[in-house]
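Colleague: Show me how the following folds:
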Amino acid sequence: MKNSFSKIVSSAEMKNLEWKIFRNGVTSELLMEKAGISGVYLHGLSAEMGNPENTSSGTIANDILPYIPIAINQMKKSEFRNG
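Modeller: Coordinates of the predicted model:
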């Protein structure tokens, strides 16, 4: 049984719409994955900047907080964006 929407939209249009929804979902997942990877990289880079000699046994958020803007600027200038 066809609903009112399927009466208005042709089969080709429906397939095109389904493809766009699928493509947008995949794109969204890839962007989320890239954001997660970037966040992990940013966190590590900030930690290295905050403790370049790696002398302490641990690091807390306040230790790396001042280095996050610097790390972001470094990431913007680096090839990480293209990878």
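Colleague: what mean pLDDT does stretch 51-58 have?
Modeller: Stretch 51-58 shows a mean pLDDT of 73.
Colleague: Can you dump the C-alpha atoms of that stretch in CSV for me?
Modeller: The C-alpha trace of stretch 51-58 is given here as CSV (Å, rounded to 0.1, in the frame of the first residue of the first chain):
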residue,chain,number,x,y,z
ASN,A,51,55.8,19.0,29.5
PRO,A,52,58.4,18.8,26.7
GLU,A,53,60.9,16.9,28.8
ASN,A,54,58.2,14.5,30.0
THR,A,55,59.6,14.8,33.5
SER,A,56,56.5,14.5,35.6
SER,A,57,54.7,11.2,36.4
GLY,A,58,51.4,12.7,35.4
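Colleague: which outside residues touch that stretch?
Modeller: Residues outside stretch 51-58 that contact it (CB atoms under 8 Å, 6 or more residues apart in numbering): Glu48, Thr59, Asp63. Bear in mind the C-beta positions are built from the backbone N, C-alpha and C, glycine included.
Colleague: one more time with 7 Å
Modeller: Thr59, Asp63 (CB atoms under 7 Å, 6 or more residues apart in numbering).
Colleague: buried stuff in it?
Modeller: When burial is assessed from 16 or more other CB atoms under 10 Å, stretch 51-58 yields no buried residues.
Colleague: so how far is that stretch from its chain's centroid?
Modeller: Here the centre of stretch 51-58 is set off from its chain's centre by 28 Å, with CA atoms, centre = their mean, to the nearest Å.
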